[in-house]
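Asker: Sequence and predicted structure below; questions after.
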Amino acid sequence: MTGPASPAAASLDVAGMRACAERLLAQDAEELSSEEVEKLTLRLRGQVGLIVREIEQAALALPEDSVPRICALSCVGEARLRLSAQAGRTLHALTSHARGLARSARSLCDHYEDEEYRCRRGPERAAYLRLLMHCPGCRKCRAVDDTGRAVGVCATGDRLYEEYRLARRRSVLCRGEASGQSEV
């Protein structure tokens, strides 16, 4: 799926969404101020709210039993859960919530930019599916306080995400080598 399918999609900034997500997922994201984390989170929330509708609309047009449809709708469901969660008040809770939203944003961007709307293959897909299977069912990933604010930090979820990120990087490098391109 490429390009805007609706007027709302015309305002999507996929490159900006990716940059915002990468900033929150960077190793030094723990050093961000609470104001900066809140600013990045608000920006992501708006963009994820727009892209979710686009991905869902395209996925629902696919055959019911297709893997890309199931994968995309899982991403949409996960993103909606994260959008509905309230961030905690501490910097750690704010950052944890923002990172989860950033992971959803990157997955949705992948679906949005994939011309054939297909799921990834091989180790990358396996790592992605492990991440998808864990997070929605994990109490730590979904933990909230009495007011409904997200407070969970899950080492397993973070590890699974890191495995997916590394598998994705290897996949991109392999595709570049196969097409004769070189990474600098």
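Answerer: That came through fine. Numbering: from 1, shown residues only.

Asker: what's the distance between Ser96 and Gly88?
Answerer: Distance, Ser96 to Gly88, by Cβ to Cβ, to the nearest Å: 8 Å. The way it works is simple: take the backbone N, C-alpha and C, and place the C-beta from them, glycine included.

Asker: neighbour count winner among these two?
Answerer: Ranked by neighbour count (other Cβ atoms under 10 Å), Ser96 and Gly88 place Ser96 first, with 23 against 20.

Asker: how near is that one to Arg23?
Answerer: From Ser96 to Arg23 the distance is 15 Å (Cβ to Cβ).

Asker: surely Asp13 meets Leu50?
Answerer: No - Asp13 is not in contact with Leu50 according to Cβ atoms under 8 Å; the separation is 9.3 Å.

Asker: When those two are compared, which one has more neighbours?
Answerer: Ranked by neighbour count (other Cβ under 10 Å), Asp13 and Leu50 place Leu50 first, with 17 against 14.

Asker: Next, give phi and psi for Ser33.
Answerer: According to degrees, to the nearest 10, the main-chain angles of Ser33 amount to phi -80, psi 160.

Asker: which stretches of this structure have low pLDDT?
Answerer: 1-10, 115-122, 125, 148-150, 152, 171-184 (pLDDT under 70).

Asker: Which parts of the chain are helices?
Answerer: Counting by DSSP state H, the segments of the chain that form helices are 14-25, 34-60, 67-84, 91-113, 122-134, 139-142, 155-178.

Asker: most tightly surrounded among those?
Answerer: Among the helices of the chain, helix 91-113 has the highest mean neighbour count (mean count of other Cβ atoms under 10 Å), at a mean of 22.

Asker: which other residues reach stretch 80-95?
Answerer: 24, 29-30, 32-34, 37-38, 41, 45, 48-49, 52, 96-98, 100-101, 104, 136, 142, 144-145, 147-151, 153 (Cβ atoms under 8 Å, 6 or more residues apart in numbering).

Asker: Would you point out which residue is most central in the protein?
Answerer: Ser104 (2.0 Å; Cα atoms, centre = their mean).

Asker: I'd assumed Glu78 was in contact with that residue.
Answerer: Yes - contact criterion Cβ under 8 Å: Ser104 and Glu78 qualify, at 5.6 Å.

Asker: measure Val14 to Tyr112 for me?
Answerer: 6 Å.
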